[in-house]
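Chemist: Test case, fold it:
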Amino acid sequence: MTQKAGMLHPPGMQGTWKRFTAYMRKYWFVYLLVLPGLLFMLTFNYGPMYGIQLAFKDYSPRLGVWGSPWAGLEHFEEMLRDPNFLRAFRNTVIINVYNLAFGFTFTVFLALMINEIRLRRLKPVVQTFVYLPYFLSWVIFAGLVQVFLEFPSSADVGGVVNQVIVKMGGEPIDFLKRPDLFRGILVVTNVIKTAGYHTIVYLAAISGIDPALYESAAIDGANRKDMLLHITLPRILPSVMIMLILQLASLFISNFDQVYNLYNNYVLSTGDVLSTYIYRISLGGAGTDFELSTAMNLVLNTMGLIVVIIANRFVEKLDVQGIF
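Modeler: Just a heads-up that it's a prediction; the model follows:
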């Protein structure tokens, strides 16, 4: 009997199993708390992943996902030949690079500036005004943007921005119908809406810095700029790098809610992004090309994963902990 037990559980596995059961008995309540979230994730995140096979099939609603015939890489070839996909891909990458270059850096700068406010009553007021746009839906926020940028017609004087331009002697601009301006509008509105929320992460990291470091620096004659550059920034660098990696993960994924509520047929050349294009060919209008949209999403998410892995390796070479 002992020999059979040894065959079923080799010595190494037996020790590992004992440690595992002991750990489970000790921390059973923690795992019980995790269980609902784990079940939710398995059901709604991993469960639907069987639908990925649509990218390799000619889908028939009558036959279902499993019964539809295989098509190989046909849909991926169609994707690469589609000029609308290539246009949407280019727009998405350009807009996200702009968001990284301007939005991400501005968020770090904003957090540092809020931290430098020394008036106790002013600081929470500034934080409230900065955070407030994040809690508005993109439908409401896009409506406000359209009102502010409205082009004057014969019956009205236009939005606030055009009123200021006219008062200064300029000609009104139809912002939301100008392809050359639309990408900039997307970047600016995204920064205004999301910057306040992202600053919470950096302010939390700043609050964890030991005050004794600032006191020692002040005794040595350091000014606020020296403390900012040599104490604050190095201490929040791990948080900055993690946020950068997470934002790079969405390099090929666009904000559907924002673009869908702001774009129109006049700005498709520069404003049509992957999320809106995939929506049009799969669900919007008469589009039912589920195979092509699945192939696009599979390729884009795979590319995003590759970018995250490369960025994480780069961050580790800087002696900063990455996300894994």
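Chemist: which stretches of the stretch 201-324 of the chain aren't confidently modelled?
Modeler: 285-287 (pLDDT under 70).
Chemist: in it, which spans are strands?
Modeler: Using DSSP state E, counting those that start in this stretch, the stretch 201-324 of the chain contains no strands.
Chemist: The stretch 51-200 of the chain too?
Modeler: Going by DSSP E, counting those that start in this stretch, the stretch 51-200 of the chain shows no strands.
Chemist: And the helices in it, which stretches?
Modeler: Secondary structure of the stretch 51-200 of the chain (DSSP state H, counting those that start in this stretch): helices located at 64-67, 74-81, 83-98, 105-116, 122-131, 138-148, 160-167, 179-207.
Chemist: Need those in JSON lines (columns: distance to Gly37 and mean neighbour count).
Modeler: Bear in mind the C-beta positions are built from the backbone N, C-alpha and C, glycine included. Output for these, formatted as JSON lines (distance: least, CB to CB, whole Å; neighbours: other CB atoms under 10 Å):
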{"stretch": "helix 64-67", "distance to Gly37": "27", "mean neighbour count": "10"}
{"stretch": "helix 74-81", "distance to Gly37": "34", "mean neighbour count": "15"}
{"stretch": "helix 83-98", "distance to Gly37": "29", "mean neighbour count": "17"}
{"stretch": "helix 105-116", "distance to Gly37": "28", "mean neighbour count": "17"}
{"stretch": "helix 122-131", "distance to Gly37": "26", "mean neighbour count": "13"}
{"stretch": "helix 138-148", "distance to Gly37": "27", "mean neighbour count": "16"}
{"stretch": "helix 160-167", "distance to Gly37": "45", "mean neighbour count": "14"}
{"stretch": "helix 179-207", "distance to Gly37": "21", "mean neighbour count": "18"}
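Chemist: Select, out of those, the one closest to Phe44.
Modeler: helix 64-67 (17.0 Å; CB to CB).
Chemist: what is the mean pLDDT for that closest one?
Modeler: Averaging pLDDT along helix 64-67 yields 81.
Chemist: what's it packed up against?
Modeler: If contacts are counted by 3 or more CB pairs under 8 Å, 6 or more residues apart in numbering; DSSP states H and E, helix 64-67 sits against no helix or strand.
Chemist: outside of that helix, which residues touch it?
Modeler: Contacting residues not belonging to helix 64-67 are listed as Tyr50, Gly51, Gln53, Leu54, Lys57, Tyr59, Ser60 [CB atoms under 8 Å, 6 or more residues apart in numbering].
Chemist: Mind doing that once more with 7 Å?
Modeler: Tyr50, Gly51, Gln53, Leu54 (CB atoms under 7 Å, 6 or more residues apart in numbering).
Chemist: same thing with stretch 256-276?
Modeler: 87-89, 91-92, 95, 138-139, 142, 145, 176-177, 179, 182-183, 185-186, 189-190, 252-254, 279, 296, 300.
Chemist: Restricted to buried residues, select the contacts of helix 64-67 in ChimeraX.
Modeler: Typed into ChimeraX, the line below selects the buried ones among the contacts of helix 64-67, using 16 or more other CB atoms under 10 Å:
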select :53,54
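Chemist: between the contacts of helix 64-67, which is closest to Leu132?
Modeler: Once CB to CB is applied, the member of those that ends up nearest Leu132 is Gly51, at 38.0 Å.
Chemist: What's the separation between the closest one and Gln146?
Modeler: 36 Å (CB to CB, to the nearest Å).
Chemist: How about Ala311?
Modeler: 35 Å.
Chemist: Check Tyr202 too.
Modeler: Tyr202 is 31 Å from Gln146, by CB to CB.
Chemist: With Pro48 instead?
Modeler: Distance of Pro48 to Gln146, computed by CB to CB: 35 Å.
Chemist: Please apply the same query to Phe40.
Modeler: Counting by CB to CB - Phe40 and Gln146 are separated by 37 Å.
Chemist: low-confidence ranges in the stretch 1-150 of the chain?
Modeler: Across the stretch 1-150 of the chain (using pLDDT under 70), the flagged ranges come out as 1-13.
Chemist: try it again with 80
Modeler: 1-15, 61, 65 (pLDDT under 80).
Chemist: re the thing from before, format the contacts of helix 64-67 as JSON lines; extra columns: distance to Ser68.
Modeler: Formatted as JSON lines, these follow (distance: CB to CB, whole Å):
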{"residue": "Tyr50", "distance to Ser68": "12"}
{"residue": "Gly51", "distance to Ser68": "11"}
{"residue": "Gln53", "distance to Ser68": "8"}
{"residue": "Leu54", "distance to Ser68": "8"}
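Chemist: Which member of the contacts of helix 64-67 is positioned nearest Gly103?
Modeler: So of the contacts of helix 64-67, ranked by how close each gets to Gly103 (CB to CB), first place is Gly51, at 32.2 Å.
Chemist: Let me know the pLDDT of Lys193.
Modeler: On pLDDT, Lys193 comes in at 92.
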